[in-house]
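Undergrad: With the input below, show me the fold.
(3 chains)
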Amino acid sequence: MKVGELAGDFHVELDVFAGPFELLLGLIAKHELDVTEVALSKVSDDFIAHIRERGREWDLGQATQFLVVAATLLDLKAARLLPAGMVDDEEDLAVLEARDLLFARLLQYRAYKEVAALFAGRMAEESRRHVRTVTLEPRFAQLLPEVVLSIGPLEFAALAGRALAPKPAPTVSLAHVYAPQVSVREQAVVLAALLRRAGTATFRALTDDCDTTLLVVARFLALLDLYRDGAVSFNQVDPLGELQVHWVGTSADHAISAPAEALA
Amino acid sequence: MSAQPEPGPPLRAALEAVLLVVDEPVDEVTLAQVVERPRAEVTAALTDLAAAYTKEGRGFDLRRVAGGWRFHTREDYADIVERFVRDGQQARLTQAALETLAVVAYRQPVSRSRVAAVRAVNVDGVMRTLLTRGLVEEKGSDPQSGAVLFGTTSHFLERLGLDSLDDLPPLAPHLPTVDTMDTMDDERESS
Amino acid sequence: MSAQPEPGPPLRAALEAVLLVVDEPVDEVTLAQVVERPRAEVTAALTDLAAAYTKEGRGFDLRRVAGGWRFHTREDYADIVERFVRDGQQARLTQAALETLAVVAYRQPVSRSRVAAVRAVNVDGVMRTLLTRGLVEEKGSDPQSGAVLFGTTSHFLERLGLDSLDDLPPLAPHLPTVDTMDTMDDERESS
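TA: Numbering: from 1, shown residues only, chains lettered A, B, ... in the order given. Take a look at the predicted model:
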């Protein structure tokens, strides 16, 4: 990869450095520039301006590469900005290691990008050489040993199934953002039952059995609904202190009906 | 041919390059078009090349057969080539060949480009192997596109131990959903 | 090769004859068996032949790729050859696919998640492309995690014109601080 190729001819203008984005990366990689000195927000603003300038020439590939590198820089900077000081305990060491791993990742990414460019060059070169793949002259073809199909009909069908199966279309996986469905209405019913029995409870106690943050959020929203309906009242002595919830509704309130909002 | 470099553009070398990759004999008119030189010059170059190969005792030979030129192994080395072909570990099909055979078997009659589309790779070499091994054969041509269609042979059925194509196990249990498949296939066809 | 006949049995010619009929790279051991000559002699003869073809400016070339020898057309005549070989063109790989391929090539055998970690993005789709294109294949599984491991294929070597994985361009020059990197890498490797 040539200098400047990474993000096209995108140049950054910073107090500590002015020049091609790729060179900035190189300087940081070689420890010649401290990442904490670099105003990443300025770099991002400049890049957006750069993209805008090009108008219709919007290059998704270039933007993506910028994002990857910028994200890594951001990680790196965050790690560098963590209090460093003396390395005197395990935690400090862990921070240092995390920081170095991020650094290694950045360098590694650059290295693979560079060899990928070499690969592309070699492939292009090699594609200009054609191999000889021709049918055997009949006199030799008849001498070929009998073909052995090492599989039976059923395996053959399975093989055909795999070969003919539609190739899955590329999709963006949302698996990592999957969250179980939690219904605020259901949580309101749960809370109403708890509070009718207890009369008063802390928010901490009311969410004691929640195993996910989402469930805690749902209980909180449910409490707001109950408050709006006049079924509960709140009491908090100190800011950020314990939140007391009192049941002030009738016994029938929210036994079954409650605002029907579902968190998806 | 002597060891001296030829004067002018390397016509002989260009012909050697083209002839190395051709499967069927190529006539002089076609070769002349490809190398963009007069036919007489091309004919002379081919004759010279063939004579030179013989004089140098090369293992290959350039011969004019059925109106076209093609590389052949030289007769003197036929024994060695025969030994190679007979002893070569060519009895087994490669995985790529098996998969291509499977596509042809279940989609026949099918054109080479359809097979290539399903396999998502160039299948020329593999199809040639399957033809050479007598597992696949031409089955007419597509009335619309004129593309040659291929199908499996009776030899294929024998090797798989089946009486007829009807005995091929159904594909359905091995496919995720047949409906989706067909739709996708149609889309690909028209694209 | 000069125009003089070779002394003794025509080993080179025998090799030329056999190589003319192969449709995949053939290793030296196989060739030595077929021509019944010591492997070292065969290797020398092949190297000599290749050098002679280049010196004589022939349209074809004999090269060792993916562990075996095979005739190729010389690069200089690509434009002419491609007028003949219609669909020989391989589809280009995207930048993401190339980078992922690079990680697999240098890290093999490697799990999908390891590749994703290096690339810092999800690589599922790209890995599927590489598998479909026959550039990458499964190479067993990790004894500890059970994760499927991937590596490059011999088709990959052919596409890059490499004889073996040892011929991959070294990664080290692309890493500014090799010493640091190696240590890091080992740490991560063992973690």
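Undergrad: so how many other residues sit close to A:Thr133?
TA: Residues lying near A:Thr133 (other C-beta atoms under 10 Å in any protein chain shown) number 19. (C-beta placed from N, C-alpha, C; glycine too.)
Undergrad: meant to ask about A:Arg228
TA: Applying other C-beta under 10 Å, I find that A:Arg228 has 10 neighbouring residues.
Undergrad: Distance of it relative to chain C?
TA: According to C-beta to the nearest C-beta, to the nearest Å, A:Arg228 stands 42 Å off from chain C.
Undergrad: Now the stretch 101-250 of chain A against chain B: closest residue?
TA: Relative to chain B, the nearest point of the stretch 101-250 of chain A is A:Gly161 (2.4 Å; C-beta to the nearest C-beta).
Undergrad: can you count the residues close to that residue?
TA: Other residues near A:Gly161 number 20, with proximity taken as other C-beta under 10 Å.
Undergrad: Can you tell me the SS state at it?
TA: What DSSP: H, G, I helix; E, B strand; the rest coil gives for A:Gly161 is helix.
Undergrad: so what's it closest to, chain neighbours aside?
TA: In space, and not counting its chain neighbours, A:Gly161 is closest to B:His174: 2.4 Å by C-beta to C-beta, 6 or more residues apart in numbering or on different chains.
Undergrad: who's in contact with the one you found?
TA: By C-beta atoms under 8 Å, 6 or more residues apart in numbering or on different chains, B:His174 lies in contact with A:157-158, A:160-162, A:165.
Undergrad: From chain C, how far out is the spatially most central residue of chain B?
TA: The centre of chain B sits closest to B:Arg128, judged by C-alpha atoms, centre = their mean, with a distance of 4.0 Å. Separation of B:Arg128 from chain C (C-beta to the nearest C-beta) stands at 7 Å.
Undergrad: What of A:Asp225?
TA: From A:Asp225 across to chain C, the span is 38 Å (C-beta to the nearest C-beta).
Undergrad: ditto for B:Glu56
TA: 6 Å.
Undergrad: How about A:Gly121?
TA: Taking C-beta to the nearest C-beta, one finds A:Gly121 at 10 Å from chain C.
Undergrad: Just the element for that residue, please.
TA: helix A:90-126 (DSSP states H and E).
Undergrad: Show me what counts as buried in the helix or strand just after that helix.
TA: Next helix or strand after helix A:90-126 toward the C-terminus (DSSP H and E): helix A:138-141. Residues A:Phe140 are the ones in helix A:138-141 that count as buried (16 or more other C-beta atoms under 10 Å in any protein chain shown).
Undergrad: Okay, and the beta partners of A:Val131?
TA: Beta-bridge pairing for A:Val131 (DSSP bridges): C:His72.
Undergrad: picking up where we left off before, from what I see, the residue of the stretch 101-250 of chain A closest to chain B and B:Leu171 are in contact.
TA: Yes. Judged on C-beta atoms under 8 Å, A:Gly161 makes contact with B:Leu171 at a distance of 5.7 Å.
Undergrad: low pLDDT regions in the stretch 51-200 of chain A?
TA: Scanning the stretch 51-200 of chain A for pLDDT under 70 picks out A:55-62, A:65, A:68, A:72, A:75-105, A:166-181.
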